Structure formats: C-alpha cells, structure tokens
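In: need a structure here:
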Amino acid sequence: MKWNVVTDSSCDLIPSDYRSDVIELSSVPFEISVGVRGYTDDEQLDIEEMLRDMEQEKTASYTSCPAPGAWLEQFEKADHTFAITISSQLSGSMNSALTARDLALEADPDKKIAVLDSRSTGPELVLCVREIERLAREGVGFDEAVNRANAFLDKTKVIFALSSFDNLIKNGRMHKMAGFLAKALGMWGIGSASDEGRIVVEGKTRGSKRTVRALVDCMRERGFSGGNVAISHCANHAVAQALKESILSAWADSRIEILPTRGLCSYYAERGGLIVGF
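Out: Below is the predicted model of the structure:
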C-alpha cells in the first residue's frame, strides 16, 4: 500500500516527474495574480511568461492559497495521507488543509490524515517528501512516521538569496530608491526562515561569488556538517551549480539536489533568486 503525500505548490517537486513505489505524490496549486492576469500554479504554468509579466507589471501582485476543496479531493483518494504545507506564518494553506482533513474524517473516520506545517517553503518541503519516502521504504508505521516527519522538520532549515527586489518595492516593503540602488550595485539580500516560519532578512552582499560564500557560511553557522541539501533556483542554474560545488568542497559527503522553482517560489524568489533547504 502506497502512502499518499500531498503538498501545496510551494514544494518544488513536479508530481508527474516523481517516481516511487512506496508513496504517491500530488500537489494542490496556489493562484498567482499579476495585474489583470491570473496564474494557476500547476504543472502547465509557464514560469518564464509569469516572470516577464511580473517584471513588466507596475502594480502590486498577490497570491491565494489552495481552497479546502482542493485538499479534500486529494484526501479522498487514499486511506493514509501526509499533507505538507508552506509555513502557516506565510499563508492560509495549512488552515485550508486542516479544514479539508476534518471534512474527510467526518465522512470516513477510519482515514489517517496528518497535516504537517513545514514552517518553511520550497526545498525544505522537497527534503520532507524524500524523508517520508525513506520512512515508508523502511516499513515504519504511519503514526510513527508522522512523529519522525515532524521531528525532521524541526531540524531542517531554509536560507535564501534574492537578487531582485521588485516585489518588495511594489508591495511597499522596500523604498523604491533603495531597491533601485541595490539592483544597480549588484546587491543580494540574504535571509532565512525563523523557527516559527517567518521570513527574516539578515544581511546583504554584492555579486554572485560573495553570495555563494555567504550562503555556505550561513549553513555552517546553523550547524550543517554534511547531509541532504535541496537548492531551488529561479532561472539561475549557474549560481545554483556554483553553490553545489562550494558545499561539496566544504562537506564532501553532502547529497545535493538542484531544482527549478515552481510558480509560488518563483514569485517570491524572483528571477535569479535561490532557496536552500538542508
């Protein structure tokens, strides 16, 4: 029996590309609005088209989390389901999943449905999916796997580097002139997710090489000593690859996966941005 694993589209794994004999992966989409255009963050989304629209749009854009009905549709497909959401501090996605869980259990009390708050986004959800697959392959029971998956999310961390500040400016979170100067000077913003799952901008650096060094330093400061790493990039495979090589130089036993960001993480990271889970 396969476990059903459902993420919202903040996870950068593409379900149709995921092959496993022990879990079935699916995804429920966010909606992204850019000016008068709306985008559904599913596998048909043209990320490059959305990025171009974002860069040309002068007004603020916004996102909408999956409705309970989208989660419920996935929960009804299996008896044992893990749902993994973007940080509950950043979105209402977890609340939607919890509402859907209650509806599913009301109809079928024998189902087992665990809703996990990643307190993160993107690559950290990728690592959690991989961990749940590992637990399933080991033959761990569902309830024990829930405990271990939550413990796993307590240990894993996420950091990011932004090279574009357009969304911050358009949404009034950065002064227009400050954003212009940062872009003109080739500045990057470096940050992380707090233990509660809030976004914290910690500093800035200049140029991609210094940014790679800063990210490796951030990993070291947070106690990383080798292991699994997922690097999500928004149209910036070259710098993601440079980061991978730098991590391997410091921790040769690391296992590193590079993925392009899906729609939601592309919206937040913007063109050139990196998000790193470890």
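
In: Flag every buried residue along the one helix or strand residue 215 maps to.
Out: Secondary structure from DSSP states H and E places residue 215 in helix 208-221. Neighbour counts over helix 208-221 (16 or more other C-beta atoms under 10 Å) mark 208, 211, 212, 214, 215, 216, 218, 219 as buried. Glycine gets a C-beta too; all of them are placed from N, C-alpha and C.

In: After that helix, which helix or strand is next?
Out: Following helix 208-221 in sequence order, the next helix or strand is strand 228-233 (DSSP H and E).

In: following that next one, which helix or strand shows up next?
Out: Following strand 228-233 in sequence, per DSSP H and E, is helix 237-250.

In: Please name every helix or strand in contact with that following helix.
Out: Packing partners of helix 237-250 (3 or more C-beta pairs under 8 Å, 6 or more residues apart in numbering; DSSP states H and E): helix 208-221, strand 228-233, strand 255-260, strand 274-277.

In: Any chance of a markdown table for the ones you listed, columns mean pLDDT?
Out: Output for the helices and strands packed on helix 237-250, formatted as a markdown table (pLDDT from 0 to 100):
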| stretch | mean pLDDT |
| --- | --- |
| helix 208-221 | 96 |
| strand 228-233 | 98 |
| strand 255-260 | 98 |
| strand 274-277 | 98 |
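
In: Can you show me the strands along the stretch 1-150 of the chain?
Out: 3-8, 23-28, 31-34, 37-40, 62-64, 80-85, 112-117 (DSSP state E, counting those that start in this stretch).

In: Point out where the stretch 1-150 of the chain drops to low pLDDT.
Out: Nowhere does the stretch 1-150 of the chain drop to pLDDT under 70.

In: Contact partners for residue 192?
Out: Residues near residue 192 by C-beta atoms under 8 Å, 6 or more residues apart in numbering: 157, 158, 159, 160, 200, 202, 218, 222.

In: from the residues you listed, which has minimum pLDDT?
Out: The member of the contacts of residue 192 with the lowest pLDDT is residue 200, at 74.

In: I'd like the distance from that one to residue 157, if you could.
Out: 12 Å (C-beta to C-beta, to the nearest Å).

In: could the strands of the stretch 1-150 of the chain be laid out in JSON lines, adding distance to residue 139 and mean neighbour count?
Out: Formatted as JSON lines, the strands of the stretch 1-150 of the chain follow (distance: least, C-beta to C-beta, whole Å; neighbours: other C-beta atoms under 10 Å):
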{"stretch": "strand 3-8", "distance to residue 139": "12", "mean neighbour count": "26"}
{"stretch": "strand 23-28", "distance to residue 139": "13", "mean neighbour count": "21"}
{"stretch": "strand 31-34", "distance to residue 139": "38", "mean neighbour count": "19"}
{"stretch": "strand 37-40", "distance to residue 139": "37", "mean neighbour count": "15"}
{"stretch": "strand 62-64", "distance to residue 139": "38", "mean neighbour count": "16"}
{"stretch": "strand 80-85", "distance to residue 139": "14", "mean neighbour count": "26"}
{"stretch": "strand 112-117", "distance to residue 139": "16", "mean neighbour count": "20"}
